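In: Kindly return the folded structure for what I paste below:
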Amino acid sequence: MSEENTSEAKSETKTGPDVPPDHLAIHPSNKHFDADVLQRGVGIRFKGTQRTNVEEYCISEGWVRVQAGKTVDRKGNPLTIKLSGPVEAWFEDLGENPPVAKKDG
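Out: The predicted model follows:
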């Protein structure tokens, strides 16, 4: 029973070396881009659904940016839309039940 409580507490951790950053983007031109973090693989859950098409996220502000269809801007970058809601992130390289970064409340 104590092991079960420990794993639940571990899965709700918000900070530490095994928890993704609060704000992360996949485009190198963005100031929140971090290649080392992206190499590990970051899983995103938005509004309770696991998403694989997230371009950028911010846990503390509660939003994700996803590509708006196949439309691109004049520089060839995908146009994105900002969706608001609860965001959770974790490193996929940690296997089953990794620590999850999410906003309290």
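In: Let me know the next secondary structure element after whatever helix or strand residue 24 lives in.
Out: Assigned by DSSP states H and E, residue 24 falls within strand 23-25. As assigned by DSSP H and E, the chain's next helix or strand after strand 23-25 is helix 35-40.
In: Just give me how far that following helix sits from the chain centre.
Out: With C-alpha atoms, centre = their mean, to the nearest Å as the basis, helix 35-40 stands 12 Å off its chain's centre.
In: tell me what it is packed against?
Out: Contact partners of helix 35-40 among helices and strands, from 3 or more C-beta pairs under 8 Å, 6 or more residues apart in numbering; DSSP states H and E: none. For the C-beta atoms, the positions are set from N, CA and C on the backbone; glycine is no exception.
In: I'd like the mean pLDDT over that helix, please.
Out: Averaged across helix 35-40, the pLDDT comes to 91.
In: For the strand holding residue 24, buried residues please.
Out: 23, 24, 25 (16 or more other C-beta atoms under 10 Å).
In: Could you do stretch 42-53 as well?
Out: Within stretch 42-53, the residues scored as buried using 16+ other C-beta under 10 Å are 42, 43, 44, 45, 46.
In: Show me which pair in those is furthest apart.
Out: 42 and 46 (12.5 Å; C-beta to C-beta).
In: Can you pull the residues that touch both of these two?
Out: When C-beta atoms under 8 Å, 6 or more residues apart in numbering defines a contact, no residue borders residue 42 and residue 46 alike.
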